[in-house]
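Student: Test case, fold it:
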Amino acid sequence: MHATPHDLIPQVADLHDAALAARLQHLLDHKTKPLGSLGRIEGLARQIGLVLGSERPVLQQPQMVVFAGDHGLAARGVSAFPAEVTAQMVANFLGGGAAVSVLARQHGLALTVVDAGVASALPAHPGLVDAKVAPGTADCTQGPAMSAAQCEQALRAGADVVRGLQGNALLLGEMGIGNTSSASLLMARLSGQPLTDCVGRGTGLDRSGLVRKLAVLQEALHCHAEVREPLAVLAAFGGFEIAMMVGAILQAAAERRVIVVDGFIVSSAVLVAQALQPQVLQRCVFSHQSDESGHARMLAHLGAEAVLKLDLRLGEGSGAALAWPLLVSACHLLCDMASFEAAGVSTAGGGTAEPRA
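Tutor: This is a model prediction of the structure:
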């Protein structure tokens, strides 16, 4: 990768604000409940308050963005599904029939689909952003999946998509046959974990398919054995949709949006983004721990704990959409739940003001 243009990676500031954190904790501790009894929902409320810089955070105009792209590696048989499914599923998203489409409607999430690099031409649609870098990446066992220029183009396009969106919350999803392979390669190289700990069955490979996938990915790692710098690793292994998500995450983080991360593939984009700007993680809510075998290890590497564990492995942003109501509830509880004093409820010590007494 050539020298990074100074404007390509936005600065992501440290959100640490001890005074605001203390005020948020004080508010939560004085609600009409035993101390800490709302468990991790209280942590969600604190995090959202810190990201939005408010004691009364309100999540506004949430945006679900699904980035789609094809992968040269798919031709090597690393997926149980053929590559043409990527374009077919984009049509399903836009037609309203996919899981993420249903969930977005249910929860009032504005849904945008981005063509980052789908192999076939997609017809124009009001819900589709055409940001195609190329019709799929190259086979990364033979060379980089994308050139440095293509990687830079994808990063900029992802940032541009976010700049054009309303609201203060970004939910991320993806679609791309073969993209668990890219995510596994990114994880192996950037986390230093053995490839076998990073690779799972993806769309449902059988045992022989998994063995084949491992062999192909080992070949790819060997082809790029000397590549270590995060953007060079992204160019070597990533899909266009993953690179675009990296750009989107960096931009959303710089804008102090709450970033709701879906599963394994979106988490791999976070892995790259935090290698470039570590404070990105302060803005990220990891919606669920995927059933894809490497995801638990990736979350542990990031020091993250997922909100849900439902054995999901669909992608699309489905887990982010399912977790969304919990974020909304966390904000409502922080803003609308009465304090002991206001409600005239006695605390554990018999008073009406200090539940710690």
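
Student: Contacts for stretch 113-133, please.
Tutor: 65-70, 83-84, 86-87, 90-91, 93-94, 111-112, 134-137, 146, 150, 153-154, 157-158, 160-161, 239-241, 243-244 (CB atoms under 8 Å, 6 or more residues apart in numbering). Where you see a C-beta, it was placed from the backbone N, CA and C, and this is true even at glycine.

Student: how far is that stretch from where the chain is centred?
Tutor: Averaging C-alpha positions (CA atoms, centre = their mean, to the nearest Å) puts stretch 113-133 20 Å from its chain's average.

Student: Export only the CA atoms of it, formatted as CSV.
Tutor: C-alpha atoms of stretch 113-133 as CSV (Å, rounded to 0.1, in the frame of the first residue of the first chain):
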residue,chain,number,x,y,z
VAL,A,113,-28.2,-1.0,0.1
VAL,A,114,-24.8,-0.1,-1.4
ASP,A,115,-23.4,-1.8,-4.4
ALA,A,116,-19.7,-1.8,-3.4
GLY,A,117,-18.6,-4.3,-6.0
VAL,A,118,-21.3,-6.8,-7.1
ALA,A,119,-20.2,-8.8,-10.1
SER,A,120,-23.3,-8.2,-12.2
ALA,A,121,-24.9,-5.0,-13.2
LEU,A,122,-27.8,-4.0,-10.9
PRO,A,123,-30.8,-2.1,-12.1
ALA,A,124,-31.3,1.4,-10.6
HIS,A,125,-33.5,1.5,-7.5
PRO,A,126,-34.3,4.3,-5.1
GLY,A,127,-32.9,2.3,-2.2
LEU,A,128,-29.7,1.4,-4.0
VAL,A,129,-26.5,3.4,-4.0
ASP,A,130,-24.2,2.6,-6.9
ALA,A,131,-20.7,2.9,-5.5
LYS,A,132,-19.3,-0.1,-7.5
VAL,A,133,-15.5,-0.1,-7.4
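
Student: thinking again about what came up before, among the contacts of stretch 113-133, name the ones in strands.
Tutor: Members of the contacts of stretch 113-133 lying in strands (criterion: DSSP state E): 65, 66, 67, 68, 69, 111, 112.

Student: So the first one sits against residue 248, correct?
Tutor: Yes: if you go by CB atoms under 8 Å, residue 65 and residue 248 touch, sitting 6.7 Å apart.

Student: what about these two, which has more around it?
Tutor: Using other CB atoms under 10 Å as the criterion, residue 65 and residue 248 rank with residue 248 on top: 29 against 25.

Student: Give the intersection of the neighbour lists for residue 65 and residue 248.
Tutor: Shared contacts of residue 65 and residue 248 (CB under 8 Å, 6+ apart): 161, 162, 170, 172.

Student: In CSV: the residues you listed, plus neighbour count and distance to residue 55.
Tutor: Converted to CSV, the shared contacts of residue 65 and residue 248 look like this (neighbours: other CB atoms under 10 Å; distance: CB to CB, whole Å):
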residue, neighbour count, distance to residue 55
161, 24, 31
162, 21, 26
170, 25, 22
172, 28, 27
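
Student: In a markdown table: the residues you listed, plus distance to residue 58.
Tutor: As requested, the shared contacts of residue 65 and residue 248 are exported to a markdown table (distance: CB to CB, whole Å):
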| residue | distance to residue 58 |
| --- | --- |
| 161 | 23 |
| 162 | 19 |
| 170 | 16 |
| 172 | 21 |
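
Student: which one among those residues gets closest to residue 57?
Tutor: Using CB to CB, residue 170 comes nearest to residue 57 of those, at 15.1 Å.

Student: so what's residue 12 up against?
Tutor: 250, 253, 254, 277, 278, 279, 280, 283.

Student: Weed out the non-buried ones from these.
Tutor: 250, 253, 254, 277, 280, 283 (16 or more other CB atoms under 10 Å).

Student: nearest to residue 208, of those residues?
Tutor: Closest to residue 208, out of all of the buried ones among the contacts of residue 12 and judged by CB to CB, is residue 280, at 38.1 Å.

Student: Check the contact between that closest one and residue 249; I expect there is one.
Tutor: Yes: Residue 280 is in contact with residue 249 according to CB under 8 Å; the separation is 6.0 Å.

Student: Which residues are in contact with each of the two?
Tutor: Contacts common to residue 280 and residue 249, judged by CB under 8 Å, 6+ apart, are 259, 270, 273.

Student: How much space separates the last one from residue 254?
Tutor: It refers to residue 273. Separation of residue 273 from residue 254 (CB to CB, to the nearest Å): 11 Å.

Student: Also the second one?
Tutor: Using CB to CB, we find residue 270 at a distance of 15 Å from residue 254.

Student: Name all residues that make contact with the residue nearest the centre of the chain.
Tutor: Centre of the chain computed as the mean C-alpha position; nearest residue by CA atoms, centre = their mean is residue 261, 2.9 Å away. Residue 261 sits next to 172, 267, 270, 284, 285, 286, 287, 320 when contact means CB under 8 Å, 6+ apart.

Student: In strands, which of the residues you listed fall?
Tutor: 172, 284, 285, 286.

Student: Provide a list of residues in contact with the second one.
Tutor: It refers to residue 284. 249, 259, 260, 261, 270, 304.

Student: Packing partners of the host helix or strand of residue 210?
Tutor: In the assignment (DSSP states H and E), residue 210 maps to helix 207-223. Contacts defined by 3 or more CB pairs under 8 Å, 6 or more residues apart in numbering; DSSP states H and E place helix 207-223 against helix 179-191, helix 195-198.

Student: quick one: the helices in this protein?
Tutor: For the chain, the helices defined by DSSP state H occupy 18-29, 40-52, 85-95, 99-107, 148-163, 179-191, 195-198, 207-223, 230-237, 240-254, 264-276, 295-302, 318-336, 340-343.
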